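here you go, sequence then predicted model.
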Amino acid sequence: MNYSKYETMKQLIADMKLPDYRYEQIIKAIFSQHTSAFEKMNTLPLELKKSLIDIFGPSVCCTIPVACQRSGQADKILFSLPDGNRVEAVNLHYKKGWESFCISSQCGCGFGCQFCATGTLGHKRNMTADEITDQLLYFYLNGHKLNSISFMGMGEPLANPNLFDALNILKDSSLFGLSQRRITISTIGIIPGIRRLTQEFPQINLAFSLHSPFEKQRSELMPVNRSFPLHEVMEALDNHIRHTGRRLFLAYVMLNGVNDSADHAKALVKLLQNRGPWSHLYHVDLIPYNVTDKTTRKFVSSDKGTMKRFRDILHGEGISVATRTQFGSDISAACGQLFGDEKD
């Protein structure tokens, strides 16, 4: 079992036979005083600071930023992990002061979606709960407001069991204290993970990467469909909605001449209208595709006119639909573009 750094700190204090309030002092230094260096936690005794440094290193945060690209409302950060692996996270900031963070859950990804740059890396390993949450801790310690969090970075969140430990850390009122409703999990359709999320975190927002309403084509674009077929995933999503009563988001990347025809739109309408009394809680986000040079097969985005016709078909049949605005495509910070390569 992998214990989080916060559990390890508690155990260290117990082993050193120090009073419990020493742990509270550490947490206050991190989350109230925004102190990252153990050496600067002035309320702690010297022996405790030395032990913390011996175990965790000089900083409470294990993710080290090694590169940053900025573009308008998007900043992309490349983090180095303790073993040298690298992952990317994106900070989106809006004019009204709202900040949103797109974070990674795996080093690389093994599912090989044809249009995704991260998928070309293959799966290297799962990130630990500390590595996942330390992406956010880095931003928090540097004065950012964690208004909303999405697991839409590198990797498939529901394929990493450490995700659930990370979610417990994020919602812990003594730590990050985030509301579940401020967190979104994006999945390509890992049914066991969807079911677990439904039971353990029913208030977290769930987004499903659909990208084609046709089983055969979806299997070609997204090989995961052979293991978790679309019709079975939709049943799991129906159950999620029945259990939670909450809106569920369907992400649909618009690929020119691939999945953007009127037949695709009509098939998507049929797929959602067959969901029974829960169909109104499905919302479709149409996403312009952002070109990447990493994938073997080359795609381009549907044009605005095609996207409007696609949206109009869905809207005309009563489907909740919107065209998503993309930020950061010029710094490869948009959907499917994260690669974790400092050379880029």
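Thanks, I have the structure now. Numbers count the residues shown, from 1 in each chain.

neighbouring strands - and their directions - for the lowest-mean-pLDDT helix or strand in the chain?
Every helix and strand in the chain was compared by mean pLDDT, DSSP states H and E; the lowest is strand 64-71, with a mean of 88. Strand 64-71 has the following sheet partners, assigned by DSSP bridges: strand 74-80 (antiparallel).

how about the strands in the stretch 1-150 of the chain?
With DSSP state E, counting those that start in this stretch, the ranges of strands along the stretch 1-150 of the chain come out as 64-71, 74-80, 86-93, 99-102, 106-109, 122-126, 148-151.

wait, which of these is closest to residue 220?
strand 106-109 (17.6 Å; Cβ to Cβ). Using the backbone N, CA and C atoms, a C-beta is placed for each residue, glycine as well.

need the residue closest to the centroid of the chain.
In the chain, the residue lying closest to the centroid (Cα atoms, centre = their mean) is residue 151, at 0.8 Å.

burial count for the residue lying closest to it once chain neighbours are set aside?
Among residues not flanking residue 151 along the chain, residue 157 sits closest, at 4.1 Å (Cβ to Cβ, 6 or more residues apart in numbering). Residue 157 is flanked by 28 other residues according to other Cβ atoms under 10 Å.

show the contacting residues for residue 157.
Counting by Cβ atoms under 8 Å, 6 or more residues apart in numbering, residue 157 touches 105, 106, 151, 163, 185, 186, 187, 193.

any idea how far residue 279 is from it?
25 Å (Cβ to Cβ, to the nearest Å).

residues contacting the single longest helix found in the chain, please?
Looking across the chain with DSSP state H, the single longest helix is helix 230-244. Residues from elsewhere that reach helix 230-244 (Cβ under 8 Å, 6+ apart): 189, 191, 194-195, 197-199, 202-203, 206, 208, 210, 213, 215, 218, 248, 271, 275-276, 278, 281-282.

how long is stretch 288-298 end to end?
In stretch 288-298, first residue to last residue: 15 Å (Cα to Cα, to the nearest Å).

check stretch 252-269 too.
For stretch 252-269, the separation between the terminal residues is 13 Å (Cα to Cα).

ok, now stretch 93-103?
Note: stretch 93-103 ends 14 Å apart using Cα to Cα.

list the buried residues of that stretch.
By 16 or more other Cβ atoms under 10 Å, the buried positions in stretch 93-103 come out as 93, 100, 101, 102, 103.

next: stretch 241-255.
If you call a residue buried by 16+ other Cβ under 10 Å, then stretch 241-255 has these buried ones: 241, 244, 248, 249, 250, 251, 252, 253, 254, 255.

residue boundaries of the helices in the stretch 51-200 of the chain?
Using DSSP state H, counting those that start in this stretch, the helices of the stretch 51-200 of the chain run over 129-141, 162-171, 191-200.

for the ones you listed, which one sits closest to residue 21?
Per Cβ to Cβ, nearest to residue 21 of the helices of the stretch 51-200 of the chain: helix 162-171, 20.9 Å.

any idea of the mean pLDDT for the closest one?
Regarding helix 162-171, the rounded mean pLDDT is 98.

skipping its backbone neighbours, what lies nearest residue 226 in space?
Spatially, and ignoring its direct neighbours in sequence, residue 226 is nearest to residue 219 (5.2 Å; Cβ to Cβ, 6+ apart).

tally up the residues packed near the one you found, please.
Neighbourhood size, residue 219 [other Cβ under 10 Å]: 16.

tell me the SS of it?
With DSSP: H, G, I helix; E, B strand; the rest coil as the basis, the three-state label of residue 219 is helix.

just the pLDDT for it.
pLDDT at residue 219 comes out at 98.

from what I see, it and residue 225 are in contact.
Yes. Counting by Cβ atoms under 8 Å, residue 225 is a contact partner of residue 219 at 4.2 Å.

got a pLDDT number for residue 115?
We have a pLDDT of 90 for residue 115.

can you check residue 333 too?
For residue 333, the predicted pLDDT is 48.

make a ChimeraX selection of the buried ones in the contacts of helix 230-244.
Buried subset of the contacts of helix 230-244, written as a ChimeraX selection, criterion 16+ other Cβ under 10 Å:
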select :189,191,194,197,198,206,208,210,213,218,248,271,275,278,281,282
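
so what's the residue count around residue 183?
Neighbour tally, residue 183, other Cβ under 10 Å: 19.

so what's it up against?
148, 149, 150, 151, 167, 170, 171, 204, 205.

same thing but 10 Å
For residue 183, the contact set (Cβ atoms under 10 Å, 6 or more residues apart in numbering) comprises 146, 148, 149, 150, 151, 167, 170, 171, 201, 203, 204, 205.

how long is stretch 252-259 from one end to the other?
The straight-line separation of the ends of stretch 252-259 (Cα to Cα) is 9 Å.
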